[in-house]
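Novice: sequence first, predicted coordinates after that:
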Amino acid sequence: MHLKTDFDGQPIAFDLTGGEKGDAPHFPILLGLRPDVEPRAAIGDKGYASKANRQAARDRGIVPVIPRKANEKEKPAFFAKTLYKGRARIEQAVGK
């Protein structure tokens, strides 16, 4: 399950796929699923890490907060760690 929540951890939308499907290809789908809200940031784990996903977020005016994989090149010096900590709310929403 690919879950989209607000920053309080309240579910907004989800995309249900088979367990063998990778996370990264579903990121643009999640960006498109919504009630009419305009997010300022998209927080995801390393499963969503790709140049294409980061660019898809930027194309919509959304700041991607997705950590880089260890083998990625061209890592920026800054990463929004404080915002990324909010990803725990998504995990907690799944636990509810």
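Specialist: Sure thing, it's come through. Numbers count the residues shown, from 1 in each chain.
Novice: export stretch 56-69 as CSV, just CAs?
Specialist: Output of stretch 56-69 as CSV, limited to C-alpha atoms (Å, rounded to 0.1, in the frame of the first residue of the first chain):
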residue,chain,number,x,y,z
ALA,A,56,7.9,15.1,-10.6
ALA,A,57,7.5,16.8,-7.3
ARG,A,58,9.3,19.9,-8.3
ASP,A,59,7.3,20.1,-11.5
ARG,A,60,4.2,20.5,-9.3
GLY,A,61,5.8,23.1,-7.1
ILE,A,62,6.4,20.6,-4.3
VAL,A,63,9.6,20.2,-2.3
PRO,A,64,10.7,16.6,-2.3
VAL,A,65,12.0,15.4,1.1
ILE,A,66,13.3,12.0,0.1
PRO,A,67,16.7,10.8,1.4
ARG,A,68,19.3,9.8,-1.1
LYS,A,69,20.4,6.2,-1.5
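Novice: list the buried ones in that stretch?
Specialist: Neighbour counts over stretch 56-69 (16 or more other C-beta atoms under 10 Å) mark 56-57, 62, 64-67 as buried. (Glycine included, C-beta is placed from N, CA and C.)
Novice: give the rounded mean pLDDT of that stretch.
Specialist: Average pLDDT, stretch 56-69: 91.
Novice: returning to that earlier point: in strands, which of the buried residues of stretch 56-69 fall?
Specialist: Applying DSSP state E to these, the entries found in strands are 64-65.
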